[in-house]
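Participant: I would like to see how this sequence folds:
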Amino acid sequence: MRLFFLRNKTKIFRLLYCLVISFLVLMICSKNSFLYPFNNWVDENAFFTVGKGMMNGLVPYKDLFEQKGPILYLIYGLGYLITNQSFLGVFIIECLLQSICLFYAYKIIKLFIDEKYAFLILPIMFATICTCNSFAHGGSAEEICFPFFMISLYYFLNYLKNKEMNSKIIFINGFLAGIIFLIKYNLCGFWLSWMMFIFFDYMFQKKFKEGFKYCFIFLFGMGIPFLLFS
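Facilitator: Take a look at the predicted model:
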């Protein structure tokens, strides 16, 4: 354990830094925070109700109906298991997800500028996002999807800059696309464009075998979440 910590202490520090930023900003900006008596947003309460129902044996779209995807309700169901009388559990999950988002935002910034500036930009960037008009309550489907966008955006920009691509990266991004489809399917356009760009770039390079192989790997990764929820 000590050896693992010593080898990864820099990465652990970055993750903790992102977690602290996420916690401090969301504590103020998200109505799921313990600073707010309750979250009065209608959609948030609907998500929580369906998630609570799932954890108590009810079947979404049969016993309870709401128009978003099952993974969103699963996330709210996990929040319900943490604290079933408030949105505090959802707030904890929010903080963890946005920590991942910030970590990959840090990696994106570091692709283009020095690392020390990335640490200064992160809190400003995240505070700006969380205080804009579209971030009115916290806990929206788009907010839940934000970390997945940031992960795929990092891989995309890293490919543009360093031409780093392999089957593992393609599979991960296909898997993320599947998760997004099962949260809010109309956000999947980003991943469609993501994979189309990679495919056509390989076609222009006359790497036909790799291009078609990556398409199948992407679709396979995308299918995994559907198998888990079938």
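
Participant: tally of neighbours for Lys184?
Facilitator: Around Lys184 sit 18 other residues, with neighbours defined as other C-beta atoms under 10 Å. (Glycine included, C-beta is placed from N, CA and C.)

Participant: What are the phi and psi values at Lys161?
Facilitator: Note on Lys161: its backbone torsions stand at phi -90, psi -40 [degrees, to the nearest 10].

Participant: Give me the pLDDT for the closest residue to it other than its chain neighbours.
Facilitator: For Lys161, the nearest residue in space outside its immediate sequence neighbours is Leu111; the separation is 5.7 Å by C-beta to C-beta, 6 or more residues apart in numbering. pLDDT, Leu111: 92.

Participant: packing partners for the helix or strand harbouring Leu111?
Facilitator: In this structure, Leu111 sits in helix 88-112 according to DSSP states H and E. Contact analysis of helix 88-112 by 3 or more C-beta pairs under 8 Å, 6 or more residues apart in numbering; DSSP states H and E lists helix 2-29, helix 70-82, helix 115-130, helix 141-162 as its packing neighbours.

Participant: Buried deepest among those helices, which one?
Facilitator: Here the criterion is mean neighbour count by mean count of other C-beta atoms under 10 Å, and of those the winner is helix 70-82, at a mean of 21.

Participant: Show the average pLDDT along stretch 71-86.
Facilitator: On average, the pLDDT along stretch 71-86 is 93.

Participant: same thing with stretch 22-37?
Facilitator: When pLDDT is averaged over stretch 22-37, the result is 94.

Participant: can you give me how far it is from the chain middle?
Facilitator: Per C-alpha atoms, centre = their mean, to the nearest Å, the displacement of stretch 22-37 from the mean C-alpha position of its chain is 18 Å.

Participant: Would you mind writing the CA trace of that stretch as PDB?
Facilitator: Taking only C-alpha atoms (Å, rounded to 0.1, in the frame of the first residue of the first chain), the coordinates of stretch 22-37 have been written out as PDB:
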ATOM      1  CA  SER A  22     -15.500  20.100  -6.700                       C
ATOM      2  CA  PHE A  23     -16.700  20.000  -3.100                       C
ATOM      3  CA  LEU A  24     -16.200  23.800  -2.400                       C
ATOM      4  CA  VAL A  25     -17.800  25.000  -5.600                       C
ATOM      5  CA  LEU A  26     -20.700  22.500  -5.500                       C
ATOM      6  CA  MET A  27     -21.300  23.200  -1.800                       C
ATOM      7  CA  ILE A  28     -22.300  26.700  -2.900                       C
ATOM      8  CA  CYS A  29     -23.800  26.200  -6.300                       C
ATOM      9  CA  SER A  30     -25.700  22.900  -6.100                       C
ATOM     10  CA  LYS A  31     -29.000  22.800  -4.200                       C
ATOM     11  CA  ASN A  32     -28.200  19.200  -3.300                       C
ATOM     12  CA  SER A  33     -25.600  20.600  -0.900                       C
ATOM     13  CA  PHE A  34     -26.100  20.500   2.900                       C
ATOM     14  CA  LEU A  35     -26.200  24.300   2.800                       C
ATOM     15  CA  TYR A  36     -29.600  24.100   1.200                       C
ATOM     16  CA  PRO A  37     -32.700  22.900   3.200                       C
END
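
Participant: Quick one: neighbours of the residue nearest to Lys161, just the number.
Facilitator: Close neighbours of Leu111, defined as other C-beta under 10 Å, add up to 13.

Participant: mind checking how far it is from Cys18?
Facilitator: With distances taken as C-beta to C-beta, to the nearest Å, Leu111 is found 17 Å from Cys18.

Participant: still on that earlier bit, run through the residues that contact the residue nearest to Lys161.
Facilitator: Contacts for Leu111 (C-beta atoms under 8 Å, 6 or more residues apart in numbering) come out as Tyr154, Leu157, Asn158, Lys161.
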